[in-house]
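> Below are the sequence and a predicted model; questions follow.
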Amino acid sequence: MNDLQTRIEGHINKLSKFTATPGKGTTRLTYSQEDQQAREYIKEKMKEYGLQVREDGLGNIFGKMEGTIQDAPSVLIGSHFDSVPNGGSYDGPAGVVAGLEVAALFAQNKIKPKYPLEVIALIEEEGARFGGGLMGSRGMTGLLSEEDFKNLKDNDGISTVEAMTKIGLDPALPKKRDPKTLKAFLELHIEQGPILEEKNIPIGVVETIVGLTQYEITVEGQAGHAGTTPMDRRADALVTAAQMIAQFPTLAIEEGEGTVMTTGKLNVFPNGANVIPKKVVFTVDIRSGKEEHIQNVIGKLNELIDSYTQNGIQVTAVQQLYMQPKAMNPEIVALLKQTSNALTIPYSSINSGAGHDAMVLSDVTEVGMVFIPSKDGLSHCPEEWSDSLHIANAVEILYETAKKLTEAE
Ligand code: GLV
Ligand code: MN
Ligand code: MN
């Protein structure tokens, strides 16, 4: 194992310790104690690698290597450092670690870039605490307004501002970043699917990222006694929710072309074994590479909502996120492929079924993304694993690419 690979493993192992569920995967919710611990580690490494560290009003972390041109836009490189509940150690951190190690290679090879290089570590990409997701990048680009940010609350009713203040972050700092300060964004991510491993190819150069939308659906009925209320006199919120959710697989399959639909979160109120459920709140995540499929499924979801609003049941929906499918920048895609060829690291073009901060940043700057294989195609679970050798390969490609991007006019 070379030094680069050893350092990569060291970072990944260290970051994996900052979890609220030790032994049961990584649970690192935004603005939690574990966020604070990971944040301290990332900032410390950024400083050790000679970067100027700052945090914005969302808690995104930036480590900057100044360029020789005054006030020039930066080439950003990184990913997110939050996780899903009981997730793995690589989704997000692999990209942050890659950014750190690209900066380390600049320093090691005494490269003084023309344009600044900024390593970034973004918050709440998963939306596991405040819903929706892609919050660090949406806030940074202004897609999520200051007002909407302030109104977000977690499941316990704690607001973004309260939570961030509790770990010593300053919500009054600026959030939106002037697009003029951005030259490009590079992100490494684990594939989270089986394709690269099956083909035995170490690098995926991402061409497009899937479009996605997320809804929070609330079903309200009437609570009552489980023993004394006859079956024909119930307005059971959970039975209605279950009937709706059971139709989603058919809806997605009928839409076709890889359209997917998932309910991953569901809360029942009051959640008592002998109480008829009064209220159920659940999420719906709809994805497709073609926007028309997402639109069609949204239409069908709305029809379903209307059809179940009857007999004492009320169904309402709030859209929490809507992102069109996004293409990566063709010049950066070409540059990543050329660089892989030059380094004799085999690559394959790939489309992403997962959402990424790169899809948000592609609205305001030129974006490129590389994937590395995921063992058994698993992600968003404790078994998630990728080879540090593959991360090291990707770091070499991103280093060469970042060198070109920080030099080019
Ligand atoms: C992030 O992992 C997403 O695709 O939702
Ligand atoms: Mn991710
Ligand atoms: Mn993820």
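Yes, it's here. Ligands and ions are numbered 1, 2, ... in the order given.
> got the phi/psi numbers for the residue of the stretch 201-350 of the chain found nearest ligand 2?
Closest residue of the stretch 201-350 of the chain to ligand 2, Cβ to the ion: Ile209 (11.3 Å). From N, CA and C alone the C-beta is placed, and that goes for glycine too. Here is the backbone geometry of Ile209 (degrees, to the nearest 10): phi -120, psi 130.
> Counting neighbours, what do you get for it?
The local packing of Ile209 (other Cβ atoms under 10 Å) involves 26 other residues.
> same question, Ile69
Close neighbours of Ile69, defined as other Cβ under 10 Å, add up to 13.
> which non-adjacent residue is nearest Thr165?
Once its chain neighbours are removed from consideration, Thr165 has its nearest residue in Pro171; the separation is 6.5 Å (Cβ to Cβ, 6 or more residues apart in numbering).
> Could you check how many residues crowd around that neighbour?
In terms of burial, Pro171 registers 19 neighbours under the definition other Cβ under 10 Å.
> So it versus Tyr322, what's the distance?
Taking Cβ to Cβ, to the nearest Å as the measure, Pro171 and Tyr322 are separated by 25 Å.
> Just confirm Ala121 is within a helix.
No - if the criterion is DSSP: H, G, I helix; E, B strand; the rest coil, then Ala121 is strand and not within a helix.
> which residues touch it?
Under the criterion of Cβ atoms under 8 Å, 6 or more residues apart in numbering, the contact partners of Ala121 comprise 39, 42, 60-61, 78-81, 96, 99.
> Which ones among those lie within helices?
Among the contacts of Ala121, the members falling in helices are 39, 42, 96, 99 (criterion: DSSP state H).
> And those residues, which of them are buried?
Taking 16 or more other Cβ atoms under 10 Å as the criterion, what is buried in the ones in helices among the contacts of Ala121 is 39, 42, 96, 99.
> Export these to a markdown table and append columns for pLDDT and distance to Leu343.
Listed next are these as a markdown table, based on pLDDT from 0 to 100; distance: Cβ to Cβ, whole Å:
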| residue | pLDDT | distance to Leu343 |
| --- | --- | --- |
| Arg39 | 98 | 32 |
| Ile42 | 99 | 27 |
| Val96 | 99 | 22 |
| Gly99 | 98 | 18 |
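> Assess the claim that Gln319 and Thr283 are in contact.
No - using Cβ atoms under 8 Å, Gln319 is not in contact with Thr283; the gap is 11.2 Å.
> anything in contact with each of those two?
214-215.
> where does Val53 fall, phi/psi-wise?
Dihedral angles phi and psi of Val53 (degrees, to the nearest 10) take the values phi -100, psi 140.
> So for stretch 184-197, what gets flagged as buried?
Within stretch 184-197, the residues that qualify as buried by neighbour count (16+ other Cβ under 10 Å) are 184-193, 195-197.
> Report the backbone C-alpha coordinates of it in PDB.
Taking only C-alpha atoms (Å, rounded to 0.1, in the frame of the first residue of the first chain), the coordinates of stretch 184-197 have been written out as PDB:
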ATOM      1  CA  ALA A 184     -15.500  24.400 -11.600                       C
ATOM      2  CA  PHE A 185     -16.500  21.600  -9.200                       C
ATOM      3  CA  LEU A 186     -15.100  18.100  -9.100                       C
ATOM      4  CA  GLU A 187     -16.700  15.300  -7.000                       C
ATOM      5  CA  LEU A 188     -15.600  11.800  -6.400                       C
ATOM      6  CA  HIS A 189     -18.400   9.400  -5.100                       C
ATOM      7  CA  ILE A 190     -18.800   5.700  -4.600                       C
ATOM      8  CA  GLU A 191     -21.000   4.300  -7.400                       C
ATOM      9  CA  GLN A 192     -23.600   2.900  -4.900                       C
ATOM     10  CA  GLY A 193     -24.600   0.300  -7.500                       C
ATOM     11  CA  PRO A 194     -23.100  -2.900  -9.000                       C
ATOM     12  CA  ILE A 195     -22.000  -1.800 -12.500                       C
ATOM     13  CA  LEU A 196     -18.300  -0.900 -12.200                       C
ATOM     14  CA  GLU A 197     -17.700  -3.900  -9.900                       C
END
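> Flag every residue of the stretch 1-150 of the chain that's near ligand 1.
Counting by Cβ under 6 Å from any ligand atom, the stretch 1-150 of the chain comes close to ligand 1 at 126, 133.
> and the gap between the residue in the chain positioned nearest to ligand 2 and Glu126?
When distances are taken as Cβ to the ion, the chain approaches ligand 2 most closely through Asp91, which lies 4.3 Å from it. Counting by Cβ to Cβ, the separation of Asp91 from Glu126 is 8 Å.
> overlap in contacts of those two?
In contact with both Asp91 and Glu126: 83-84, using Cβ under 8 Å, 6+ apart.
> residues near Asn329, how many?
For Asn329, the neighbour count with other Cβ under 10 Å is 18.
> residue contacts, it?
In this structure, Asn329 makes contact with 184, 362, 366-368, judged by Cβ under 8 Å, 6+ apart.
> what comes into contact with stretch 395-404?
Here stretch 395-404 has contacts from 4, 8, 75, 77, 98, 101-102, 105-106, 111, 113, 117, 186, 188, 203, 332, 335-336, 339-340, 342-343, 345, 368, 370, using Cβ under 8 Å, 6+ apart.
> What segments of the chain are helices?
According to DSSP H, the helices that the chain contains are 3-16, 33-48, 93-108, 135-141, 146-151, 160-166, 195-199, 237-255, 291-308, 330-342, 357-361, 388-407.
> Once you drop chain neighbours, what's closest to His293?
What sits nearest to His293 in space, not counting adjacent residues and going by Cβ to Cβ, 6+ apart, is Thr259, at 4.6 Å.
> Pick the one among the buried ones among the ones in helices among the contacts of Ala121 closest to ligand 1.
When these are compared for distance to ligand 1, the smallest value, 14.6 Å, is given by Val96; criterion: Cβ to the nearest ligand atom.
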